[in-house]
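Sequence isn't available, so here's the structure alone:
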């Protein structure tokens, strides 16, 4: 038995040395050196040092296609996200014989802050007994933290942001919804989901919130596209080998909710409503995740207010109102 174990250990050590050698040869080749100089410029040397340290400490990455490891690292560096997994901003994850790039929730926060459009941005777990009310229409919730929350069971996760212009939005997902999302979108044998479930759950709800409602800088768009991708050809050609639904995470979120109503159908239905109360009731009853939903509701309410004002002015004219009375605006709706 001892001889057998020794043989296995020797074989593994040989494979590890072979993989690390292949990686180093690829990374230090003239062709790769030229490519790194072009895409990273002055960041090339620090990138090489950081990537060598990362691969040297991860035997699973040493077994991966060296190009996928390098291109995933380039994508993180191009986004200005450190490769150190302890910082939680970006990860290079072994997936079979390839390496996969993933953005952590702290990475998305960093990119959002850099855009200069956010006043507040955060994501947190919700413990048992902390969620008082949740409005599915507006996404707003009443949250009251418990003093002993670290001892309580987690029931969900929430992300929130407020822009400098005052626009604010939150998104809440139950623990079951997050687990369903993980099962569908994370197929890697070993991933941050296994070592830090909370961090990945926070990333999930934050990414969905930003992708759905926030203004997206070029960097943030690039991060969303690159997240959970494998780069085999270069750092700009993502492939989603473990995720046939890449780019459709919005649909995944909707699958655990009721069926979505297309915005065009909502707009047509709103045209047939003629009072503020009718519009409010319809908005509360319909499910539409399109970013233009709330704007369509506000627009129809404003149209109704203008129609009511016009009708009131016509009535005043028929009654023979004085010029001064006719000139005074009539407002039946406080927007």
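Thanks, I have it. Quick caveat: nothing in here was measured; it's all calculated off a predicted structure. Residues are numbered from 1 along each chain as shown.

those strands in this structure, which residues are they?
In the chain, the strands defined using DSSP state E lie at 90-95, 98-103, 118-127, 131-134, 141-143, 154-163, 168-174, 230-231, 238-239.

so can I have a markdown table of those strands showing mean pLDDT, mean neighbour count and distance to residue 80?
No exception for glycine: its C-beta is placed from N, CA and C like everyone else's. A markdown table is the format used below for the strands of the chain (pLDDT from 0 to 100; neighbours: other C-beta atoms under 10 Å; distance: least, C-beta to C-beta, whole Å):
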| stretch | mean pLDDT | mean neighbour count | distance to residue 80 |
| --- | --- | --- | --- |
| strand 90-95 | 91 | 24 | 9 |
| strand 98-103 | 92 | 26 | 12 |
| strand 118-127 | 94 | 17 | 16 |
| strand 131-134 | 77 | 13 | 35 |
| strand 141-143 | 79 | 15 | 32 |
| strand 154-163 | 94 | 20 | 20 |
| strand 168-174 | 91 | 19 | 25 |
| strand 230-231 | 92 | 24 | 17 |
| strand 238-239 | 86 | 17 | 18 |
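
Take these and lay them out in JSON lines including distance to residue 267.
Shown next, in JSON lines, are these (distance: least, C-beta to C-beta, whole Å):
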{"stretch": "strand 90-95", "distance to residue 267": "40"}
{"stretch": "strand 98-103", "distance to residue 267": "34"}
{"stretch": "strand 118-127", "distance to residue 267": "29"}
{"stretch": "strand 131-134", "distance to residue 267": "26"}
{"stretch": "strand 141-143", "distance to residue 267": "28"}
{"stretch": "strand 154-163", "distance to residue 267": "25"}
{"stretch": "strand 168-174", "distance to residue 267": "21"}
{"stretch": "strand 230-231", "distance to residue 267": "40"}
{"stretch": "strand 238-239", "distance to residue 267": "34"}
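
Now do stretch 47-66: everything it contacts.
For stretch 47-66, the surrounding residues in contact (C-beta atoms under 8 Å, 6 or more residues apart in numbering) are 15-16, 19-20, 22-27, 36, 40, 69-70, 73-74, 77, 82-85, 92, 94-99, 190, 232.

Drop anything exposed from these.
19-20, 23, 27, 36, 40, 69-70, 73-74, 77, 82-83, 85, 92, 94-96, 98-99 (16 or more other C-beta atoms under 10 Å).

Minimum distance to residue 210: which of the strands of the chain has it?
With C-beta to C-beta as the measure, strand 154-163 is the member of these nearest residue 210 (7.3 Å).

got the angle between the closest one and strand 168-174?
170 degrees (axes from the mean of the first three to the mean of the last three C-alpha atoms, to 10 degrees).

If you rank every helix and strand of this structure by mean pLDDT, what lands last?
Scoring the helices and strands of the chain by mean pLDDT, DSSP states H and E places helix 249-255 at the bottom, with a mean of 42.
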